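Novice: Okay, sequence plus prediction incoming.
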Amino acid sequence: MNLRRFISPEGIRLELRTQSEPEGEVPADFEPDSPQNLNRVRESVFGEITELFELSGRVSNTTRLHRELDNREKRTSSAVGQGVVLPHLRTLQVKTFTMVFGRSRKGLPFATPDDEPARLFFGLAAPPYNDRTYLKVYRTLAKLILDPVHFEELVNAEEPSEILRTLEQVC
């Protein structure tokens, strides 16, 4: 399956603005893996993921989409480990299956199952009636992130076109 057809260059952010530590003066007792910091990071990343969905031009209500992403994450974490997070949902806020991509080269604390920093974020949104595409894309992404060559291509890409090329290669 060619994942390229579900993502536009506008839906790719090669360096997320979210940082592991809060802006300003960091308290001496700051803990990167504290629940407060993990919530701050999650909210910030999901805000950026929502922005990317909005830039795709396929979202009807970004405020609702953000709220639904956040609520979905509160029920079940989308962190799959190995530095990957797959925030995904079925929603009426998109007209067609849409995918976005964000990356943090240094990694962000994200309560991953393996306690590794999260580096790659794939946002997936599908209309509620589009289960077939949704599941196919999810399976294809699983193959992609388990392949060390493709994983490194995503981590080291310098241009959105390199991300798109990698997504085209996965079958």
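Specialist: That came in fine, so what should we check first?
Novice: Quick check: buried residues in the strand ranked longest in the chain?
Specialist: Assignment by DSSP state E gives strand 98-108 as the longest strand of the chain. For strand 98-108, a neighbour-count test (16 or more other CB atoms under 10 Å) marks 98-104, 107-108 as buried. All C-beta spots, glycine's among them, are computed from the backbone N, C-alpha and C.
Novice: Give me the below-cutoff pLDDT ranges for this structure.
Specialist: 171 (pLDDT under 70).
Novice: Tell me the spacing between residue 7 and residue 26.
Specialist: 35 Å (CB to CB, to the nearest Å).
Novice: quick one, which of the two is more surrounded?
Specialist: Applying other CB atoms under 10 Å to residue 7 and residue 26 shows that residue 7 carries more neighbours, namely 22 against 10.
Novice: Distance of the more buried one relative to residue 162?
Specialist: For residue 7, the distance to residue 162 - CB to CB - is 13 Å.
Novice: likewise residue 51?
Specialist: 21 Å.
Novice: likewise residue 56?
Specialist: From residue 56 across to residue 162, the span is 19 Å (CB to CB).
Novice: what do you get for residue 148?
Specialist: Taking CB to CB, one finds residue 148 at 17 Å from residue 162.
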